[in-house]
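**Q** Turn this into a model:
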Amino acid sequence: MLALKPLSDFFSAIANDPRISITHIGIYAALLQYWKEHEFQNPMQVFSYEIMRIAKISASSTYHKSIKDLSDFGYIKYEPSFKRNQGSKVYILEFT
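**A** Purely as a prediction, here's the structure:
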């Protein structure tokens, strides 16, 4: 059950944060799944279409707004690449 710790910690961290929506939660869960599939590399390189597929999000504007929000709110660190052939860097942060 150690694999559930990052998700559990995230839910504890957002418990009193009214800025977080179901879209943010879906993207965060998708990032954790992607992180697990890529052997917990931190940072990981992601393409928006990969995370959108896992999170069941179809609008790229929704994805980009939500992932930027997660970074701005301190739940992840996001470094966009702005290059079509290079994924953006996403760091999964530990909550204290």
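**Q** Give me the nearest residue to residue 95, chain neighbours excluded.
**A** The shortest distance from residue 95 to any residue other than its chain neighbours is 4.3 Å, reached at residue 9 (C-beta to C-beta, 6 or more residues apart in numbering). For the C-beta atoms, the positions are set from N, CA and C on the backbone; glycine is no exception.
**Q** er, residue 70 actually
**A** Nearest to residue 70 is residue 76, by C-beta to C-beta, 6+ apart, at 4.9 Å.
**Q** what's near enough to touch that neighbour?
**A** Applying C-beta atoms under 8 Å, 6 or more residues apart in numbering to residue 76 gives the contacts 28, 31, 67, 70, 90-93.
**Q** how about a cut-off of 6 Å?
**A** 70, 90, 93 (C-beta atoms under 6 Å, 6 or more residues apart in numbering).
**Q** What helix or strand is the first one located in?
**A** Right, residue 70. Assigned by DSSP states H and E, residue 70 belongs to helix 60-72.
**Q** now the residue nearest to residue 70: how far from residue 40?
**A** 14 Å (C-beta to C-beta, to the nearest Å).
**Q** Quick check: what element follows the helix ranked longest in the chain along the chain?
**A** Longest helix in the chain by number of residues (criterion: DSSP state H): helix 22-37. On the C-terminal side of helix 22-37, the closest following helix or strand by DSSP H and E is strand 44-46.
**Q** and for the helix or strand harbouring residue 11, what are the contacting residues?
**A** Assessed by DSSP H and E, residue 11 sits inside helix 5-14. The contact list for helix 5-14 (C-beta under 6 Å, 6+ apart) reads 20, 28, 32, 95.
**Q** How about the backbone phi and psi for the residue nearest to residue 70?
**A** phi -140, psi 170 (degrees, to the nearest 10).
**Q** same check, this time on the one 3 residues further on
**A** Backbone torsions for residue 79, taken as degrees, to the nearest 10, come to phi -120, psi 100.
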